[in-house]
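>>> My questions concern the predicted model and sequence given below.
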Amino acid sequence: VRHDAAQRIFEEATSRPRRPRKPALIVLAGNIPALAVQPLLPALALRRPVLLKSPSAEPYFAATFVSALARRLPALGDSLAALCWKGGEEGIEGPVLAAAGRILAYGEQESIDDLRRRAPCPVVSYGPRFSLAVLGPGTRPDAVAEGLARDIALFDQRGCLSVHAVYTAGDPRDLGEALAQALARRALSWPPGTRGVEEEAALRQELEAAHLRGLPVFELPMGEGAVIVEEDTRLRPSPGLRLVRIHHLKRLEDLPPLLSPWRDQLQGAALAAAASLQSPLAALGVSRFAAPGELQSPDATWHNGGIDPLDALD
């Protein structure tokens, strides 16, 4: 967490009315590590007690982080806790939901909807989203390939700011070749993590379908990445495992209508020579814009899903 961004959060929080707040329940997802830090900072700034529910897939970070905070600042010990239990257990969650004054829920939409049905307090939803990149005329593939590879490979493409598709006004095949090489280099320092049989099967199905259609495919070893140069301009989310599709679009101003079916499911856009698209993409729900390579590094003031981090907990 960068100091300047954290300072802005605390300064804004101190300008808000001081009032007692019931504890917040923050239900974390297991797709990316250290997710607890993002909502915990504004909660501390607002002096709101917090119970973090860790996912079974990653039960350690939140508890360890909260414990370290309490050792450093003992006064926080009674206001922060991190636990792990199986989601949906009424015997455990009934009293917890009844005591909460606000719930922040990350994860699959089905689980969030179930929480909203059972919770007597407001539920702030951070459901599944994904991101894309847009490269305007004159963008050299070698100038953006490394950054795009970072935005694709970080968290094994499981985060909401992970790039699933790239739209380019330039030569898509040249970009595909450069991006595949960059993904191969990235895999040397960031080897792919664990993956399930279903993930591998979905990736293999996508690659075989692309080969059958005669599309250019740049394929790396399983999990290290793959690039499909698409003929179809319609957006499709990647099945993961660092697979990305490249779409050629002569007129980038035609992109927003193509993305309209995905309104409010898009999270971020890595832009190069495409600043004019920021406003129309924001109207579709895109909440973060950055240069290629910087998309997955938001600061503490980022409005995840368009939601002010302080408003979410106030």
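On my side now, so go ahead. All figures in this text were calculated on a predicted structure; none of them were measured in a lab.

>>> which residue ranges form the strands in the stretch 201-314 of the chain?
Ranges of strands in the stretch 201-314 of the chain, per DSSP state E, counting those that start in this stretch, are 217-219, 226-230, 243-248, 266-272, 288-290.

>>> would you turn these into a markdown table with mean neighbour count?
Any C-beta I mention is one placed from the backbone N, CA and C, and that applies to glycine too. Shown next, in a markdown table, are the strands of the stretch 201-314 of the chain (neighbours: other CB atoms under 10 Å):
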| stretch | mean neighbour count |
| --- | --- |
| strand 217-219 | 18 |
| strand 226-230 | 25 |
| strand 243-248 | 24 |
| strand 266-272 | 25 |
| strand 288-290 | 20 |
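
>>> What separation is there between the residue nearest to Pro261 when sequence neighbours are not counted and Ala274?
Nearest residue to Pro261, sequence neighbours excluded (CB to CB, 6 or more residues apart in numbering): Leu235, at 7.7 Å. Distance, Leu235 to Ala274, using CB to CB, to the nearest Å: 15 Å.

>>> So which residue is smack in the middle of the chain?
Geometric centre of the chain, nearest residue: Cys160, 2.1 Å, by CA atoms, centre = their mean.

>>> shaky segments in this protein?
Nowhere does the chain drop to pLDDT under 70.

>>> hmm, who's touching stretch 225-235?
Under the contact criterion CB atoms under 8 Å, 6 or more residues apart in numbering, stretch 225-235 has outside partners 132, 149, 152-153, 165, 167, 172-173, 176, 179-180, 183-184, 186-187, 203, 206-207, 210, 213, 215-220, 241-249, 254, 258-259, 261-262.

>>> centre of the chain versus that stretch, how much separation?
Relative to its parent chain, stretch 225-235 has a centroid offset of 21 Å by CA atoms, centre = their mean, to the nearest Å.

>>> ok so, going back, and the residue nearest to the centre of the chain, what does it touch?
Applying CB under 8 Å, 6+ apart to Cys160 gives the contacts 126, 128-131, 267-268, 304.
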